[in-house]
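Undergrad: Based on what follows, work out the 3D shape:
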Amino acid sequence: GFINGFDQVISLPFKPAYRPLIDANPQINSKRIGPMDTATFAIDVSNLGNGRTKCFFEVDYDSLPNDWSALVEDTVILETGEGTKETVFLTVYPPKGFGYHDDIANIRVEVTPTWAEDSNIRGKPEPITVTVESRGLSFIGIEVILPIIILIVLVIIVLYLIFIKKMFKMFIK
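TA: Purely as a prediction, here's the structure:
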């Protein structure tokens with residue numbers, strides 16, 4: 001036979017799992033500065049996920065050359081919705097030792113998205129790399145070298161004066 005059917009509307013509420021998805025890009029990814037200057041990079045971070053997202057920023061100190069330092073904001077919270085964007089700043093300090101510098105550093109920052117309500121639910125860390133060229137003359141540290149230079153100049157002057165006196169005595173005789 002024939003089976004009678006029925007229609008019924010059932011409401012089945014559900015909440016999808018959090019999707020940690022972000023887009024993080026520096027506005028400029030390389031800068032040339034002098035050794036006495038600092039380089040600041042603006043990093044735009046957009047929430048492409050389906051919930052409020054807390055992003056953690058961390059400088060990869062293994063990528064940082066000796067005598068360089070870098071600071072980045074620790075966290076930012078991104079609301080959901082299209083066009084949700086925040087800007088985070090990375091500041092890079094080149095070495096400032098005395099002398100001429102021609103240094104290049106590739107600084108890497110990792111951005112890790114987490115669910116703002118439970119930061120144990122994490123996404124894959126997204127790496128960002130910026131390049132800084134430090135070129136020019138730095139006078140910081142001259143206070144260490146200056147006394148040595150003055151001492152050498154004084155020794156040369158004293159030796160020169162002694163030599164001139166000896167030469168003068170030789171001509172008088």
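
Undergrad: And the helices in this protein?
TA: Ranges of helices in the chain, per DSSP state H, are 142-172.

Undergrad: Mind naming the longest strand for it?
TA: strand 99-115 (DSSP state E).

Undergrad: what's the spacing between it and its chain's center?
TA: Its chain's average C-alpha position is 4 Å from that of strand 99-115, according to Cα atoms, centre = their mean, to the nearest Å.

Undergrad: could you give the angle of it to helix 142-172?
TA: Here strand 99-115 runs at an angle of 170 degrees relative to helix 142-172 (axes from the mean of the first three to the mean of the last three Cα atoms, to 10 degrees).

Undergrad: which residues of this protein score low on pLDDT?
TA: 1, 139-146, 173 (pLDDT under 70).

Undergrad: can we see that at 90?
TA: Counting by pLDDT under 90, the chain shows low-confidence ranges at 1-21, 34-36, 49-51, 63, 65-67, 80-84, 95-103, 119, 135-151, 156-173.

Undergrad: quick one: contacts for Asn120?
TA: By Cβ atoms under 8 Å, 6 or more residues apart in numbering, Asn120 lies in contact with Thr114. C-betas here are computed from N, CA, C, even on glycine.

Undergrad: Pro113: what's it in contact with?
TA: By Cβ under 8 Å, 6+ apart, the contact set of Pro113 is 20-22, 49, 53-55, 122-123, 126.

Undergrad: same deal with Thr131?
TA: Residues 29-31, 104-107 are the ones in contact with Thr131 under the rule Cβ under 8 Å, 6+ apart.

Undergrad: which of those count as buried?
TA: The neighbour count (16 or more other Cβ atoms under 10 Å) marks 31, 105, 107 as buried among these.

Undergrad: Of those, which is the nearest to Asp62?
TA: Ile107 (10.9 Å; Cβ to Cβ).
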